[in-house]
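# I would like to see how this sequence folds:
(chains A and B)
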Amino acid sequence: MNDVAQLARLMQGNEAIVEGALAAGLRFFAGYPITPSTEISELLAARLPLYGGRFIQMEDEMASMAAIIGASLAGLKSLTATSGPGFSLKQENIGFASMAEVPCVVVNVQRHGPSTGIPTAPAQGDVMQARWGTHGDHPAIALCPASVQESYSLTVEAFNFAEKYRTPVILLTDEVIGHMRERVILPQPDKLNVIDRKKPPAGLEKYYPYRPGEDGVPAMADFCENYRFHVTGLVHDESGFPTTDADVAEKLIRRLNNKIMDNLDDIVLSESWLTKDADIIIVAYGAVSRSAKKAIKEARVAGFKVGLFRPITIWPFPEKEIAVLSRQAHTMIVPEMNLGQLKLEVERAASGRSRVIGVNKVNGELITPGEILDAIIKQ
Amino acid sequence: MQNNVNKYLRSEKLPHIWCPGCGNGIVLGAITRAFGLLDCDQDNTVVVSGIGCSSRATGYLDFCTLHTTHGRALAFATGIKMARPELKVFVLMGDGDSTGIGGNHFIHAARRNIDLTAIIFNNSIYGMTGGQSSPLSPLNSRATTAPQGTFERPFDLAELARGAGATYVARGTTYHANMLTQLIRNGADHKGFSVVEAVTACPISYGRRNKMGNGYDMLLWQKEHSVPVEKARKLTPLEMEGKFAIGELYKADAPEFTDIYERFIEEKQKKNEEERHRGVN
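Coordinates of the predicted model:
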């Protein structure tokens, strides 16, 4: 039996996230139970101790987010997992992690909303929350898996981005992908690209925890390892101490955003499928992109020149890629399980060059290939 | 003891931001002296705080320090302590911070009996936001959000901590600064969740509105209204009315959370290793 066959398994999306996280070096998880993300907690409660890692079920979602930030500052790769309403509760401390530049990963297995909605039903209604959920101008990285295999690989990627850019990263999956079972091939651990945070050298006369390197990202020491320093959610200078200086504030907020926006080529991942000759482009992500593929296959048979653009990185939004496609496509169709959250972004990037049409559903059911096919035929 | 405390302060960050007459400087003094008595290792200690006047104290202490979000300090500290149980972790919070927005985190840290030392600066008011009533504002006391006096019964912080499972509970005042130092020291020495309530004065936002005079008058108020716990135990509820006990109010031995979890991890890994040797997995 070769190695690949040994590591091929049938698993659920949520389970693949657990495997991906462990492979990426996860050693701390804090969470609060919520459907449909709970399997992630349950599996990690059993698995983490085997790796010498720690699991804790906190009293609420705010506490879970706080605990993973604390653990990350203490040096451990940290994760929390939640779903819609829990994601709302985490926002305060996601903002803190952004401001204090603490790497961590937040999984949001999206479910129907607003509020408690239909807890067991899928939706994609947290797209804007992943971007603008916390207050102030903050950077955001959010990744959208469309398969169980990708739930694994994007979890690894989420940790890599978090560590590389010292920022919280959102894995924005959905109930369909989270609960679906598929064949997954787990790569050999030594074949995996795992990135760890950049550390300052020991023995510096003074360590500036917020003095950026050339890449805009400061080197990060663990708490109680070589240096003593202060971390705060207040505007701070390079030494980490608070200030209300307008210039420092302006520079800090711009740097936090720029360290992401200057690295779009590294961060923005996408898939283009049958787009070369397409004059109709479907822009779909997560579970809905699977329906889109089926619809495109059928539409091609019927003679439509249609292709798929799938944002894998949903934030920062792949606007450059959409702009290019908008020059060849007369129409872009954006099917999503919400009333048009990403459609707005597509419209913005297409700048009037393509018509942008939404196919929207908010009843807790997946958009079917037939519904997308209907929209294609109407064009 | 007095000589070695300055090293715990980031003196270049002083003077502090607290108002004239505020007791927070006295609490900070007691904390640094307690560090001196503990011969605290600055490189293996983390000090975490929430939001509010008192929580700015972390900026003045020369440790790895973490100034968190409002009410969440204990949750951040829980993550740090879980990740690195060998570290000593202190958590500084105000009364509104720890029992209002942070009330849930407070009772659960106590329930777990996690080895953190929580020092709560109790000035009975939200000072930084300008004097709103807090869950520890005495009944009928005035605040900007209670112009006719509060209608709500306050928590008894010590009783809350004990009821929720804290294994060391003490109360001191800024008038009794030396006792406060000892209580913090003992709390830090205690293995488990320890709570030290430091009754402190906010003359600007609380005292002025409640006609309690200046900072000096408020210190005298603390002296007159506090009763050493040994004596308090002999008094009737009627005799204790309007007064509060100070000293070590409660102490118990109970399994500590990170200790239990560390042992669990070790056993689990050992078992897994044995099974691997036997070829079970």
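# can you map out the helices along the stretch 51-200 of chain B?
B:73-83, B:95-96, B:103-112, B:157-164, B:177-189 (DSSP state H, counting those that start in this stretch).
# Compile those into JSON lines and extend it with columns for distance to residue B:232, mean pLDDT and mean neighbour count.
Glycine gets a C-beta too; all of them are placed from N, C-alpha and C. Formatted as JSON lines, those follow (distance: least, CB to CB, whole Å; pLDDT from 0 to 100; neighbours: other CB atoms under 10 Å in any protein chain shown):
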{"stretch": "helix B:73-83", "distance to residue B:232": "28", "mean pLDDT": "98", "mean neighbour count": "30"}
{"stretch": "helix B:95-96", "distance to residue B:232": "21", "mean pLDDT": "98", "mean neighbour count": "30"}
{"stretch": "helix B:103-112", "distance to residue B:232": "22", "mean pLDDT": "98", "mean neighbour count": "23"}
{"stretch": "helix B:157-164", "distance to residue B:232": "11", "mean pLDDT": "98", "mean neighbour count": "20"}
{"stretch": "helix B:177-189", "distance to residue B:232": "14", "mean pLDDT": "98", "mean neighbour count": "21"}
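# Between those, which one is closest to chain A.
helix B:73-83 (2.7 Å; CB to the nearest CB).
# roughly how far out does the closest one sit from the chain middle?
Mean-position distance between helix B:73-83 and its chain equals 15 Å (CA atoms, centre = their mean, to the nearest Å).
# could you dump it to CSV, C-alpha only?
Below are the C-alpha coordinates for helix B:73-83, written out as CSV (Å, rounded to 0.1, in the frame of the first residue of the first chain):
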residue,chain,number,x,y,z
ALA,B,73,-9.5,40.0,31.0
LEU,B,74,-10.1,36.7,32.8
ALA,B,75,-10.9,34.9,29.5
PHE,B,76,-7.6,36.2,27.9
ALA,B,77,-5.8,35.1,31.0
THR,B,78,-7.4,31.7,30.9
GLY,B,79,-5.9,31.2,27.4
ILE,B,80,-2.4,32.3,28.6
LYS,B,81,-2.5,30.1,31.7
MET,B,82,-3.8,27.1,29.8
ALA,B,83,-1.1,27.5,27.1
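# Packing partners of it?
Packing contacts for helix B:73-83, counted by 3 or more CB pairs under 8 Å, 6 or more residues apart in numbering or on different chains; DSSP states H and E, involve strand A:26-31, strand A:54-57, helix A:61-73, strand B:45-49, strand B:64-67, strand B:88-94, helix B:103-112, helix B:257-277.
# All the strands of the stretch 201-350 of chain A, residue numbers only.
Taking DSSP state E, counting those that start in this stretch as the test, the strands found in the stretch 201-350 of chain A are A:230-232, A:270-273, A:280-283, A:306-311, A:313-315, A:331-336.
# Most proximal residue of the stretch 151-281 of chain B with respect to chain A?
For the stretch 151-281 of chain B, CB to the nearest CB, closest residue to chain A: residue B:268, 4.3 Å.
# Distance of that residue relative to residue A:68?
21 Å (CB to CB, to the nearest Å).
# Surely the residue of the stretch 151-281 of chain B closest to chain A touches residue A:49?
Yes: Residue B:268 is within contact range of residue A:49, at 4.3 Å (criterion: CB atoms under 8 Å).
# Tell me how many other residues crowd residue A:370.
Residue A:370 has 12 neighbours, counted by other CB atoms under 10 Å in any protein chain shown.
# before we move on, the earlier item: neighbour count: residue B:268 and residue A:49, which is higher?
A direct count of neighbours by other CB under 10 Å for residue B:268 and residue A:49 places residue A:49 higher, at 19 against 16.
# residues touching the more buried one, list them.
Going by CB atoms under 8 Å, 6 or more residues apart in numbering or on different chains, residue A:49 touches A:55, B:264-265, B:268-269.
# And residue 50, its phi and psi?
Picking chain A for this. Main-chain dihedrals, residue A:50, degrees, to the nearest 10: phi -70, psi -20.
# What ranges does chain A have for its helices?
Here chain A has its helices, by DSSP state H, at A:3-6, A:13-24, A:38-47, A:61-73, A:84-100, A:127-132, A:148-165, A:175-179, A:246-261, A:264-267, A:288-301, A:319-326, A:341-350, A:369-377.
# wait, doesn't residue B:60 sit right on residue B:6?
No: if you go by CB under 8 Å, residue B:60 and residue B:6 don't touch, sitting 11.5 Å apart.
# These two: who's more crowded?
With neighbours defined as other CB under 10 Å, residue B:60 and residue B:6 compare such that residue B:60 has more, 23 against 11.
# roughly how far apart are that one and chain A?
Going from residue B:60 to chain A by CB to the nearest CB, to the nearest Å gives 10 Å.
# residues touching the closest residue to residue B:220 other than its chain neighbours, list them.
With sequence-adjacent residues excluded and distances taken as CB to CB, 6 or more residues apart in numbering or on different chains, residue B:220 is closest to residue B:175, at 7.4 Å. Applying CB under 8 Å, 6+ apart to residue B:175 gives the contacts B:219-220, B:222-223, B:226.
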